[in-house]
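Student: For reference, the sequence and a predicted model appear below.
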Amino acid sequence: MKITPDTPGVDDPGAGRRLGIDVGTVRIGVAVSDRDARMAMPLETVARSTKRRGPDGQDIKRILDIIEEYQVVEVVVGLPRNLKGTGSRSIAHAKDIAFRVRRRSKLPVRMADERLSTVVAQQALHASGVSEKAGRKVIDQAAAVEILQSWLDGRSNALVAETSNSLESDNNSAPADEE
């Protein structure tokens, strides 16, 4: 079954910080954007405590605390699809965390394509000289950065295109100057 991620820029909440989340079965990587929603930065790795069938755990509480502390306006959760665009086994975990955060925060929670985010994050860590052992502590954050940065770039492109289309339609509907 094809799983479709959300599209950046659609129903955009406007200015403010975004939170990126990479959901794993053991850890949740968290990244945050700057106030202008242009750059994603690693924030922390949260130990996963919420089970798929059960009450919210300390991980959800920590994410909600981060949302409040950073005055987040939108949450972006990685949607773990395979290269064919169908859901991987981890998709249920990501959707569950997204549902819980949406329910408790009342914020827009978007599902973003995260294919290859961990691979890209591993390559970036390796290229910056971080050992594999040291990288295990921050790989989830790095993956969250990749997910969020991709979303921010897509959002920026969508907003620029929307502005350009709006300007074009304004110019096309403006009356011609009479001579």
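Tutor: All right, it came through fine.
Student: Could you tell me the phi and psi values at the most centrally placed residue in the chain?
Tutor: By Cα atoms, centre = their mean, the mean C-alpha position of the chain lies nearest to Val76, the distance being 2.8 Å. When quoted as degrees, to the nearest 10, the phi and psi of Val76 stand at phi -120, psi 120.
Student: give me the beta-bridge partners of it?
Tutor: On the basis of DSSP bridges, Val76 is bridged to Gly20, Arg110.
Student: pretty sure it contacts Leu148?
Tutor: Yes. Val76 is within contact range of Leu148, at 5.6 Å (criterion: Cβ atoms under 8 Å). Using the backbone N, CA and C atoms, a C-beta is placed for each residue, glycine as well.
Student: Name the residues contacting each of the two.
Tutor: Common neighbours of Val76 and Leu148, using Cβ atoms under 8 Å, 6 or more residues apart in numbering, are Arg18, Leu19, Gly20, Ala112.
Student: So, low pLDDT: which residues of the protein?
Tutor: When residues are selected by pLDDT under 70, those of the chain lie in 1-2, 81-89, 115-122, 124-126, 130-137, 166-179.
Student: In terms of helix, strand or coil, where does Asp153 fall?
Tutor: Following DSSP: H, G, I helix; E, B strand; the rest coil, the label given to Asp153 is helix.
Student: quick one, what contacts it?
Tutor: Asp153 neighbours (Cβ under 8 Å, 6+ apart): Pro8.
Student: now the one 3 residues further on
Tutor: For Ser156, the contacting residues are Ala37, Arg38, taking Cβ under 8 Å, 6+ apart as the criterion.
Student: Am I right that it is in a helix?
Tutor: Yes. Counting by three-state DSSP, Ser156 falls inside a helix.
Student: Just the strands from the chain, written as ranges.
Tutor: Counting by DSSP state E, the chain has strands at residues 17-23, 27-33, 40-47, 72-79, 109-113.
Student: what's the closest of those to Ile91?
Tutor: strand 72-79 (6.7 Å; Cβ to Cβ).
Student: so the closest one versus strand 17-23, what angle?
Tutor: Strand 72-79 runs at 20 degrees relative to strand 17-23, counting by axes from the mean of the first three to the mean of the last three Cα atoms, to 10 degrees.
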